[in-house]
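Visitor: Need coordinates for the below:
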Amino acid sequence: MTTKRTVVVSDLQVPYHDAHAVRNLAGFIKQFRPDSVVTIGDEIDLPQISRWEENKLGWFEQTLSDHRDEAVEVLWSLGEYAKEQHMIRSNHTDRLYSVIMRKIPAFLSLPELRFEKFMKLDELGIKFWKDPMPIARGWVAVHGDHTALNPNAGMSALNAAKRYGLNVISGHTHRAGRSAVSEASGGVLRRVLHGVEVGHLMDIKKAAYTHGSPNWQQAFAIVTETGKNVQIDLIYIEKDGTFNVWGKRYGRPRA
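Guide: Down below sits the predicted model:
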């Protein structure tokens with residue numbers, strides 16, 4: 001029976017990513033050789049063109065190209081040893097379209113300013129999903145920004161699962177956790193829906209807007225699909241940047 005293994009990479013938000021944890025994850029993927037790598041959205045932050053920076057100092061920074069090139073390099077390192085690589089649309093990656101649409105809509109006709117072209121996804125061999133991605137039997141991958149947020153890890157994804165009628169794996173909340181709801185009648189189990197949130201891979205010291213105390217957890221996920229069975233393993237990253245997968249420790253501790 002064929003088994004498909006997918007590594008789901010949580011929110012990176014380059015250049016605010018945790019470079020050490022990301023290198024450890026890239027090293028794991030090199031050894032693990034999954035069939036697929038899926039980035040769950042917010043691969044790049046794009047702070048220069050956010051509405052929060054409009055008409056402020058950040059609006060005029062000439063760093064967009066550097067951030068894009070760094071994000072492309074990170075994506076390449078994560079997907080180099082996978083057979084396939086996928087990317088889920090997200091609120092941060094929508095920023096390019098949004099600012100063009102609000103300020104200079106005529107620029108939408110320029111193909112080089114399409115997000116896929118801007119991020120060099122064709123060169124990287126990455127498929128970009130604007131709609132929910134069917135990641136495994138009975139499961140879809142979404143970013144999670146279209147569902148009301150819940151402060152408890154896993155609950156935002158579960159609410160999305162109820163909306164879709166499918167199990168959901170998502171990012172956006174930067175929390176790592178799982179929740180489920182069962183439907184039963186007369187002692188007969190009808191349906192179980194699962195929601196999994198895969199955490200984040202940011203360096204919280206760089207995220208000044210959190211004031212240093214966010215309710216976030218660094219993590220990623222492994223999806224294993226064998227026939228009709230789907231197993232989701234949520235892998236938490238320790239403070240030293242290492243993590244345990246199926247009884248084996250991976251990554252180098254922080255210096």
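Visitor: Strands of the stretch 51-200 of the chain, start to end?
Guide: Read by DSSP state E, counting those that start in this stretch, the stretch 51-200 of the chain holds these strands, from start to end of the chain: 84-88, 126-129, 133-136, 139-142, 167-170, 176-185, 188-198.
Visitor: partners of the fifth one in the sheet?
Guide: Using DSSP bridges, strand 167-170 pairs in its sheet with strand 139-142 (parallel), strand 188-198 (parallel).
Visitor: if we look at that strand, which residues are touching it?
Guide: For strand 167-170, the external contacting residues (Cβ atoms under 8 Å, 6 or more residues apart in numbering) are 8, 40, 135, 138-144, 147, 156-158, 160-161, 193-198, 221, 223, 230, 232. Every residue, glycine included, has its C-beta placed from N, CA and C.
Visitor: Name the residues of that strand that are buried.
Guide: Buried residues in strand 167-170, counted by 16 or more other Cβ atoms under 10 Å: Asn167, Val168, Ile169, Ser170.
Visitor: could I get it in PDB with only the CA atoms?
Guide: Output in PDB follows, covering the C-alpha atoms of strand 167-170 (Å, rounded to 0.1, in the frame of the first residue of the first chain):
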ATOM      1  CA  ASN A 167     -10.800  18.100   8.400                       C
ATOM      2  CA  VAL A 168      -8.600  21.300   8.300                       C
ATOM      3  CA  ILE A 169      -4.900  21.900   8.800                       C
ATOM      4  CA  SER A 170      -4.100  25.600   9.000                       C
END
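Visitor: next one: that strand to chain centre, how far?
Guide: Computed by Cα atoms, centre = their mean, to the nearest Å, the chain-centroid distance of strand 167-170 equals 11 Å.
Visitor: same question, the longest one
Guide: Computed by Cα atoms, centre = their mean, the chain-centroid distance of strand 188-198 equals 21 Å.
Visitor: Can you give the strand pairings for the following helix or strand past it, parallel or anti for each?
Guide: The helix or strand immediately downstream of strand 188-198 is strand 219-226, counting by DSSP states H and E. Strand 219-226 sits in its sheet next to strand 3-9 (antiparallel), strand 229-236 (antiparallel), going by DSSP bridges.
Visitor: And the contacts of strand 219-226?
Guide: With contact meaning Cβ under 8 Å, 6+ apart, strand 219-226 is reached by 1-10, 25, 34, 135-137, 139, 169, 176, 196, 198-201, 230-237, 245.
Visitor: Next, the angle from it to strand 176-185.
Guide: 50 degrees (axes from the mean of the first three to the mean of the last three Cα atoms, to 10 degrees).
Visitor: Can you list the buried residues in strand 219-226?
Guide: For strand 219-226, a neighbour-count test (16+ other Cβ under 10 Å) marks Ala219, Phe220, Ala221, Ile222, Val223, Thr224, Glu225 as buried.
Visitor: Return the set of residues that bridge with the last one.
Guide: With DSSP bridges applied, Glu225 shows beta-bridge pairing to Lys4, Val230.
Visitor: Show the pLDDT at it.
Guide: Note on Glu225: pLDDT of 98.
Visitor: Ok, the fourth one next?
Guide: Predicted confidence (pLDDT) at Ile222: the value is 98.
Visitor: Could you tell me which helix of the chain is the longest one?
Guide: Looking across the chain with DSSP state H, the single longest helix is helix 64-79.
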